[in-house]
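Peer 1: model the structure of this input:
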Amino acid sequence: MTATQAARGWWRHLYVQVLIAIVLGVLLGILKPGWGSAMKPLSDAFIAAIKMVIAPVIFLTLVSGIAHMRALGELGRVAARAFGYFIVVSSVALAIGLVVANVVQPGAGLGIHPATLDSAAVAPYVEQAQHSSITEFLLAIIPRTLVSPLAEGSILQILFVSVLTGIAIALVGEPAQPVIDLVDRLSVVVFRIVAIVMRAAPVGAFAAMAFTVGKYGPDVLDYLLRLLATFYLTSALFVLVVLGLIARAGGFSIFRLIAYLKDELLLVLGTSSSEAALPPLMKRLEAAGCDPGVVGLVIPLGYSFNLDGTNIYMTLAALFIAQACGVDLSLGQQLALLGVAIISSKGAAGVTGSGFITLAATLAIVPSVPVAGMALILGIDRFMSECRAITNIIGNAVATIVVAKWEGALDQGRLERALGGGNQ
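Peer 2: Below is the predicted model:
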């Protein structure tokens with residue numbers, strides 16, 4: 001391809017289209033707030049279209065991966081290693097949020113009296129958190145029927161059914177080969193559907209940004225700017241240092257991985273939803289040399305249990321609320337908060353909007369910090385969710401490559417070619 005041809009085709013790249021759409025969405029929200037607010041249905045429609053294909057993508061990828069595994073013991077080993085990685089890294093993310101909140105103290109000096117807070121604004125989130133008990137969480141893993149998860153879209157239930165189906169196919173053996181062939185062929189069709197849906201990504205990103213800026217106004221970006229800046233910088237520190245060191249130990253560069261995933265990351269930035277990037281992320285990691293079986297297991301599990309950005313947000317936001325309300329937490333109370341957060345960040349994995357709801361569940365167990373203080377950050381939670389989602393997706397991409405390498409299921413040559421060549 002000549003330089004002229006490349007220059008003419010630059011706009012064909014998805015990441016360029018999404019980036020332009022984000023800028024146009026922000027401009028529309030600033031110049032015509034009413035029009036921007038009216039864009040929400042387009043954004044919701046795109047997210048709904050993505051969610052439509054998440055269930056079959058996870059089901060087909062995971063069933064095919066398990067069915068092709070050499071032994072069922074391999075499945076348990078991959079899951080155990082993934083969970084071990086998730087627990088360690090997510091705990092580090094929670095601890096970093098705690099440390100940064102103590103050093104920077106973004107809420108210190110605000111002097112907010114708890115009685116003046118609008119507790120009604122956060123009541124729905126508190127109610128959902130109260131219904132997110134461990135018992136209900138465990139029951140929510142098991143679906144009503146074998147096919148209901150494919151219709152309802154619960155990631156944990158899809159995982160449960162997919163693993164059962166994959167194990168059953170593997171146990172049947174040779175007679176089930178036609179089923180495996182069918183699953184593999186269906187996977188090709190479903191990922192082609194994903195490619196078609198992704199053509200609308202710029203429209204979804206444009207509408208989402210136009211709505212956000214149009215509804216809340218550009219001035220909202222200045223609201224609690226110190227907390228926003230602290231959260232974004234802490235997340236960047238976690239990605240570049242913690243995940244960067246993990247990536248280096250795994251034999252790849254975090255910077256090259258971020259460049260390789262720029263399409264997916266810009267999509268997440270535009271829509272504030274990591275779910276929007278789940279199907280293309282799985283395909284990209286397979287193209288980078290990760291075994292489909294490992295990708296099919298680690299990514300869906302990670303979307304429920306490896307939420308690094310959400311973990312940083314939880315401890316940072318909890319201490320911000322305490323500082324803003326003049327509540328002085330002792331070291332013991334902060335460590336108790338950390339322990340509760342480690343559990344609640346996993347226990348509320350299947351809850352929609354888990355970041356804000358899990359924060360409510362955590363604060364409810366630490367009575368010295370007023371749950372009503374969540375009203376302070378409700379207005380900027382949309383902007384924090386973008387950073388949470390981006391950090392989560394990078395963290396899960398790193399986790400998948402690392403677990404694949406541990407399993408000997410990583411084609412190092414393909415990984416190096418993919419990361420070295422950007423979009424290749």
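
Peer 1: and L240, how far from A404?
Peer 2: Distance check for L240 against A404: by CB to CB, to the nearest Å, it reads 22 Å. Heads up, the C-betas are built off the backbone N, CA and C, glycines and all.

Peer 1: of these two, who's got more company?
Peer 2: Looking at L240 and A404 with other CB atoms under 10 Å, you find the greater number of neighbours at A404, namely 25 against 15.

Peer 1: residue contacts, that one?
Peer 2: By CB atoms under 8 Å, 6 or more residues apart in numbering, the residues touching A404 are 289-291, 294-295, 298, 410.

Peer 1: swap in N311?
Peer 2: For N311, the contact set (CB under 8 Å, 6+ apart) comprises 90-91, 93-94, 97, 341, 345.

Peer 1: neighbours around the residue nearest to it when sequence neighbours are not counted, how many?
Peer 2: For N311, the nearest residue in space outside its immediate sequence neighbours is A93; the separation is 3.9 Å by CB to CB, 6 or more residues apart in numbering. Neighbours of A93 under the rule other CB under 10 Å: 29.

Peer 1: mind listing which of the contacts of N311 are in helices?
Peer 2: Assignment to helices by DSSP state H places the following of these there: 90-91, 93-94, 97, 341, 345.

Peer 1: any chance of those in JSON lines, plus pLDDT and distance to A389?
Peer 2: JSON lines is the format used below for the ones in helices among the contacts of N311 (pLDDT from 0 to 100; distance: CB to CB, whole Å):
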{"residue": "S90", "pLDDT": "87", "distance to A389": "15"}
{"residue": "S91", "pLDDT": "88", "distance to A389": "20"}
{"residue": "A93", "pLDDT": "90", "distance to A389": "14"}
{"residue": "L94", "pLDDT": "87", "distance to A389": "18"}
{"residue": "G97", "pLDDT": "87", "distance to A389": "16"}
{"residue": "A341", "pLDDT": "73", "distance to A389": "19"}
{"residue": "S345", "pLDDT": "62", "distance to A389": "15"}
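
Peer 1: what's the closest of those to M282?
Peer 2: Taking CB to CB as the measure, S90 is the one of these closest to M282, at 20.5 Å.

Peer 1: who's in contact with the closest one?
Peer 2: Counting by CB under 8 Å, 6+ apart, S90 makes contact with 305-308, 311, 342, 345.

Peer 1: show me those residues that map onto helices.
Peer 2: Secondary structure from DSSP H places 305, 308, 311, 342, 345 of the contacts of S90 in helices.

Peer 1: most neighbours among the residues you listed, please name it.
Peer 2: Across the ones in helices among the contacts of S90, neighbour numbers were computed from other CB under 10 Å; D308 holds the maximum, 31 neighbours.

Peer 1: in which helix or strand would I find the residue lying closest to that one once chain neighbours are set aside?
Peer 2: Closest residue in space to D308, ignoring its immediate chain neighbours: G395 at 3.8 Å, by CB to CB, 6+ apart. Secondary structure assignment for G395, by DSSP states H and E: helix 381-406.

Peer 1: can you mark which positions in that helix are buried?
Peer 2: Going by neighbour count (16 or more other CB atoms under 10 Å), the buried part of helix 381-406 is 381, 383-406.

Peer 1: stretch 247-263 too?
Peer 2: So, applying 16+ other CB under 10 Å, buried residues of stretch 247-263: 247, 250, 252-254, 256-263.

Peer 1: just these: which has the poorest pLDDT?
Peer 2: Looking at those by pLDDT, the weakest one is D263, with 85.

Peer 1: quick one: low-confidence parts of the stretch 201-350 of the chain?
Peer 2: Under the criterion of pLDDT under 70, the regions of the stretch 201-350 of the chain flagged as low confidence span 212, 216-225, 272, 343-350.

Peer 1: need the contacts of N311 in a markdown table with distance to V172, can you?
Peer 2: Written out in a markdown table, the entries for these read as follows (distance: CB to CB, whole Å):
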| residue | distance to V172 |
| --- | --- |
| S90 | 36 |
| S91 | 40 |
| A93 | 41 |
| L94 | 42 |
| G97 | 47 |
| A341 | 43 |
| S345 | 37 |
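
Peer 1: let me know the closest of those to I20.
Peer 2: Once CB to CB is applied, the member of the contacts of N311 that ends up nearest I20 is A93, at 32.3 Å.

Peer 1: let me see the ranges of the helices in the stretch 201-350 of the chain.
Peer 2: Chain-ordered helices for the stretch 201-350 of the chain, with DSSP state H, counting those that start in this stretch as the definition, fall at 201-216, 225-237, 244-249, 254-260, 262-271, 278-287, 292-305, 308-324, 331-347.

Peer 1: I'd like the ones you listed as TSV, with distance to P143 appended.
Peer 2: Compiled in TSV, those are given as follows (distance: least, CB to CB, whole Å):
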stretch	distance to P143
helix 201-216	28
helix 225-237	34
helix 244-249	34
helix 254-260	34
helix 262-271	27
helix 278-287	19
helix 292-305	15
helix 308-324	25
helix 331-347	19
